[in-house]
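S.K.: show me how the following folds:
(one chain, ligands or ions: 2)
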Amino acid sequence: MATGSCCLADGTCVEDIAQSACTQMTGAEYNGNGTTCATARCALGACCTSQDCVIDKTEAECEDAPPAGLGGVFQGINSTCENRLCCPEPFADADWDGDVDQNDFGAFQVCYTGMGGGVPAGCECTDRDGNSTIDGVDFAAFESCFTGANVQWTQSLTPSCNP
Ligand SMILES: [Ca+2]
Ligand SMILES: [Ca+2]
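M.R.: Ligands and ions are numbered 1, 2, ... in the order given. Prediction:
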């Protein structure tokens, strides 16, 4: 009987199993006759890179240094970009276009709560000191990363920025 590798729901891989035996397990996916776990892509999830959030990556594909991987941060097996929050690099580049300019400042203002305000949805990356408010401390962090419109952010451009 033909066998192949099978990705289980928890991201592990089983070798040499019949298709019928694989697919009768909940959430399992048969990779095809003759496939092996060495080449199977099990355990896929979302990956946060400095540019974006991309789905359906293995941990190695996500975290290995470029060009082999994306040099990102793996968000866990079966994670998606919808329920995971990726922060841009630097965090202040809210529209992910590479610069930190007035558009990003606009996004910062929307997030700004002042003392004791809580963190609005989507503003998690803006709370730099993790005190659950978007306040003056976070603004200072934002300001230190400011580059101006269409100026690609680099660490050397804004040495005091903590991306
Ligand atoms: Ca920007
Ligand atoms: Ca804060």
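S.K.: domains for this structure, by residue range?
M.R.: For the chain, the domain assignment from automatic domain parsing gives the residue ranges 4-33, 45-77, 87-163.
S.K.: in the first one, what's buried?
M.R.: Spelled out, it's domain 4-33. The neighbour-count check on domain 4-33 (16 or more other Cβ atoms under 10 Å) flags 4-8, 11, 13-14, 17, 19, 22, 28-31 as buried. Heads up, the C-betas are built off the backbone N, CA and C, glycines and all.
S.K.: and the two most separated of those?
M.R.: Using Cβ to Cβ, the two most remote members of the buried residues of domain 4-33 are 11 and 19, lying 19.4 Å apart.
S.K.: using PDB, write out every CA atom in the lengthiest helix in the chain.
M.R.: For the chain, the longest helix by residue count, based on DSSP state H, is helix 102-111. Written as PDB, here are the backbone C-alpha positions of helix 102-111 (Å, rounded to 0.1, in the frame of the first residue of the first chain):
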ATOM      1  CA  GLN A 102       3.300  62.900   9.900                       C
ATOM      2  CA  ASN A 103       1.100  60.000   8.800                       C
ATOM      3  CA  ASP A 104       2.600  57.900  11.500                       C
ATOM      4  CA  PHE A 105       2.200  60.800  14.000                       C
ATOM      5  CA  GLY A 106      -1.400  60.800  13.000                       C
ATOM      6  CA  ALA A 107      -1.700  57.200  14.000                       C
ATOM      7  CA  PHE A 108       0.100  57.900  17.200                       C
ATOM      8  CA  GLN A 109      -2.400  60.600  18.100                       C
ATOM      9  CA  VAL A 110      -5.200  58.200  17.500                       C
ATOM     10  CA  CYS A 111      -3.600  55.900  20.000                       C
END
